[in-house]
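In: Need coordinates for the following:
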Amino acid sequence: MKKKDTFIVIILGIITIAVIGFGFRYRQNKQAELMGTNSHSEINQSDNFDTRKNEQTEKKRANFLSAFDENRESNTVGDFLQYVNYAKGNSKIAFYGEAADQETWTVNTVHQLKNENGLPELETHYLSTLDSEVLTERLSELTEINPDVVFFHTPMPLYNYISWTEDGPVEKDNITDIISTYAEIKQALPNSLVVLVTPFPQAADPESEEEESWHQVDIDALLVRAEEYAIPVFNLHNEMMEYVTLNEMAIADLYENEELADVSQEVAKDIFLNVIKTTKVDTSTAFIIDGEPKKVEIEIESESSLESVEEVIEESEPVEIEEEWSEEETEVEVWVPTPAPPAPPAPPSENTGGATESSTISSSSESTSSASSSSSAVSSENVQSTEPVDEVESSSITEDAE
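Out: Just a heads-up that it's a prediction; the model follows:
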């Protein structure tokens, strides 16, 4: 019995070990299957997440582009940059004109705009014309860059200033130069959105008791001309003046060593970023995905055309003016007859005395008669005779008669 029991125990031990081994192997296989399933599920979930994300991004892009195109005449520059970024994959801006390269407030504005508007690939270029003789001197460089947005920093507008030429002083204004430069930029870059940026206020006239911008009138004149041609404008001048007024500051407090102070640089950045995000402008003259932008038509009368008009006026025939006849101003010369000399006395004679006297009187009468006829002829040829002249005639004839 002992041998039999021992054999049974051995068999049971082998079976037990086999069961344990099979169970362990089965557990390993199941774990492997479960790990493979989880890995596949995770991959599928990841793929689904990326797909849903791309679908949402594409839907957001399509909705944005559609909404922007429906209202192109009233959109912000920030939205336009996003529009271009969706269409092209990136966007470019350029600071052009009378502003120093990479000023603190412009650099900080671009950096914050990239972060807040989701434009990490935004390219920025600076083209200052402060050392240029004319505003269009660097236009060829700007054209090569081909930016999507051009911030055209205008010089301080001067209305009716005196310019000295070879012919002497001439009254001019540089507002016309600013508008014509804008027109040339748009002609060279028809797909770019060009925005005029007014300069910050300068110190007021020292002789003026009021703390006002020295060029406020000129700024207002520029705004009127820009509105006439539907030109987008960022009026940083007036925005900074509001800041100065609200904080009861003087304009001179904005500057330090003739440059914007650190605090003013931060204020300028906030103002500029705010107008980029909130100021509505007409973007129909710039890039559009399907179609061509609206053309900008600006006709400015040149000085040469004005000179030609003046030449035409000078060369025209003078107008003949008929002089009215005035009775008071007309002088009539009347001929007054000279009295005939008396006849020489005849020798006394009884027979001839009466005859002689008779002949003398007769000759005097003839003389008087001829004088009267001559005077009448002259008077009929002239326009007017005066009464004093008639009196002289009659007196002369009377003397002759006597």
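
In: Quickly run through the sheet partners of the host helix or strand of residue 93, with directions.
Out: Here residue 93, judged by DSSP states H and E, is contained in strand 92-97. If you go by DSSP bridges, strand 92-97 pairs up with strand 123-128 (parallel), strand 149-153 (parallel).

In: How about residues contacting the helix or strand just after that strand?
Out: Where DSSP H and E defines the elements, the next helix or strand beyond strand 92-97 is helix 104-117. Residues outside helix 104-117 that contact it (CB atoms under 8 Å, 6 or more residues apart in numbering) are 78, 81-82, 93, 95, 99, 119-120, 122, 124, 126, 260, 265-266, 268-269, 272-273, 276-277. (C-beta placed from N, C-alpha, C; glycine too.)

In: gap between residue 138 and residue 226?
Out: Distance, residue 138 to residue 226, using CB to CB, to the nearest Å: 22 Å.

In: out of the contacts of helix 104-117, which are buried?
Out: 78, 81-82, 93, 95, 99, 119, 122, 124, 260, 265, 268-269, 272-273, 276 (16 or more other CB atoms under 10 Å).

In: Which ones among the residues you listed map onto helices?
Out: 78, 81, 82, 265, 268, 269, 272, 273, 276 (DSSP state H).

In: Output those residues as JSON lines; include the columns distance to residue 26.
Out: Compiled in JSON lines, those are given as follows (distance: CB to CB, whole Å):
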{"residue": "78", "distance to residue 26": "64"}
{"residue": "81", "distance to residue 26": "63"}
{"residue": "82", "distance to residue 26": "59"}
{"residue": "265", "distance to residue 26": "74"}
{"residue": "268", "distance to residue 26": "75"}
{"residue": "269", "distance to residue 26": "70"}
{"residue": "272", "distance to residue 26": "72"}
{"residue": "273", "distance to residue 26": "67"}
{"residue": "276", "distance to residue 26": "68"}
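
In: what's the closest of the residues you listed to residue 55?
Out: residue 82 (19.4 Å; CB to CB).

In: Wait, the closest one touches residue 119, no?
Out: Yes: using CB atoms under 8 Å, residue 82 makes contact with residue 119 at a distance of 7.2 Å.

In: anything in contact with each of those two?
Out: With contacts taken as CB under 8 Å, 6+ apart, residue 82 and residue 119 have no neighbour in common.

In: Would you reformat the strands paired with strand 92-97 as a markdown table and include mean pLDDT and distance to residue 16?
Out: Listed next are these as a markdown table, based on pLDDT from 0 to 100; distance: least, CB to CB, whole Å:
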| stretch | mean pLDDT | distance to residue 16 |
| --- | --- | --- |
| strand 123-128 | 96 | 76 |
| strand 149-153 | 97 | 83 |
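
In: Taking helix 104-117 as reference, get the angle to the strand holding residue 93.
Out: 160 degrees (axes from the mean of the first three to the mean of the last three CA atoms, to 10 degrees).

In: returning to what we had before: of residue 138 and residue 226, who's got more company?
Out: residue 226 (20 against 16; other CB atoms under 10 Å).

In: That one against residue 235, yeah?
Out: No: using CB under 8 Å, residue 226 is not in contact with residue 235; the gap is 9.4 Å.

In: Mutual contacts of the two, please.
Out: By CB under 8 Å, 6+ apart, no residue touches both residue 226 and residue 235.

In: Run through the residues that contact residue 91.
Out: Residue 91 neighbours (CB under 8 Å, 6+ apart): 81, 84, 85, 119, 121, 122, 123, 148, 149.

In: ok, back up a step: report the two of the buried ones among the contacts of helix 104-117 separated the most.
Out: 82 and 260 (28.9 Å).

In: Quick one: low-confidence residue ranges for the stretch 1-150 of the chain.
Out: Applying pLDDT under 70 to the stretch 1-150 of the chain picks out residues 1-4, 36-47, 49.

In: How many residues are close by the nearest residue to residue 255 once chain neighbours are set aside?
Out: Closest residue to residue 255 apart from its sequence neighbours, by CB to CB, 6 or more residues apart in numbering: residue 261 at 6.3 Å. Residue 261 has 13 neighbouring residues, counting by other CB under 10 Å.

In: Over to the one 10 residues further on?
Out: For residue 271, the tally of surrounding residues (other CB under 10 Å) stands at 20.

In: what's it in contact with, if anything?
Out: 236, 239, 240, 243.

In: Could you pull out the helices in the stretch 151-300 of the chain for me?
Out: 175-188, 216-228, 236-246, 262-278 (DSSP state H, counting those that start in this stretch).

In: Distance to residue 17 and mean pLDDT for these - can I get that in TSV?
Out: Formatted as TSV, those follow (distance: least, CB to CB, whole Å; pLDDT from 0 to 100):
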stretch	distance to residue 17	mean pLDDT
helix 175-188	91	94
helix 216-228	96	92
helix 236-246	89	95
helix 262-278	77	96
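
In: In TSV: those helices, plus distance to residue 14.
Out: Formatted as TSV, those follow (distance: least, CB to CB, whole Å):
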stretch	distance to residue 14
helix 175-188	95
helix 216-228	101
helix 236-246	95
helix 262-278	82
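
In: closest to residue 157 out of the ones you listed?
Out: Taking the helices of the stretch 151-300 of the chain one by one with CB to CB, helix 216-228 is closest: 4.2 Å.

In: what packs against the closest one?
Out: helix 175-188, helix 236-246 (3 or more CB pairs under 8 Å, 6 or more residues apart in numbering; DSSP states H and E).

In: which of these sits most buried?
Out: Mean neighbour count (mean count of other CB atoms under 10 Å) peaks for helix 175-188 among these, with a mean of 18.

In: and that one, what other elements does it pack with?
Out: Against helix 175-188 (3+ CB pairs under 8 Å, 6+ apart) you get helix 139-145, strand 149-153, strand 193-197, helix 216-228.

In: Now do the residue lying closest to residue 219 once chain neighbours are set aside against residue 296, distance only.
Out: Closest residue to residue 219 apart from its sequence neighbours, by CB to CB, 6+ apart: residue 237 at 5.1 Å. Residue 237 sits 23 Å away from residue 296, going by CB to CB.

In: How about residue 261?
Out: Going from residue 261 to residue 296 by CB to CB gives 37 Å.

In: swap in residue 27?
Out: In terms of CB to CB, residue 27 sits 78 Å off from residue 296.
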